[in-house]
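> The following block contains a protein sequence and its predicted model.
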Amino acid sequence: MMAVGAIYAILSKQAPAPRVEGLEKAALPLCTMALIAMFLTGYVGYFVVDARWPTFYYAPLTDGKNVWLYMQLACMVLYAVGVCIACNGLRRASYALA
């Protein structure tokens, strides 16, 4: 997201600031929520899954590991969706510049 913000800053110096509108407004809150959820899943989620499957991280308990890793994967997919939405907005802004 830092790269996306830097590109927005560069585009705004080349032409009038690109307008953030429509679905593009959801990109920043979506990515922010995904990063917070990833932290909570990695830290708090570990203890929640460990309560159900004790020592799942250190023992060969694939069910517990799969649950924990799928929760993290869901957070990463949510972040990727936010970045894709932001990239579509950058594409729109760069086409308007051309």
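Yes, it's here. Worth saying up front: this structure is predicted, and the values here are computed from it rather than measured.

> What ranges in the protein fall below the confidence cut-off?
Where the chain drops to pLDDT under 70, the residues are 17-18, 98.

> Nearest residue to the residue most central in space within the chain in space, ignoring adjacent ones along the chain?
In the chain, the residue lying closest to the centroid (C-alpha atoms, centre = their mean) is Y79, at 1.6 Å. Using C-beta to C-beta, 6 or more residues apart in numbering and skipping the chain neighbours, the partner closest in space to Y79 is A34 (3.8 Å). Heads up, the C-betas are built off the backbone N, CA and C, glycines and all.

> Spit out the contact partners of the one you found.
Counting by C-beta atoms under 8 Å, 6 or more residues apart in numbering, A34 touches C75, M76, L78, Y79, G82.

> May I see the buried residues of stretch 33-53?
A34, L35, A37, M38, T41, G45, Y46, V49, W53 (16 or more other C-beta atoms under 10 Å).

> Report the separation between R92 and K25.
With distances taken as C-beta to C-beta, to the nearest Å, R92 is found 13 Å from K25.
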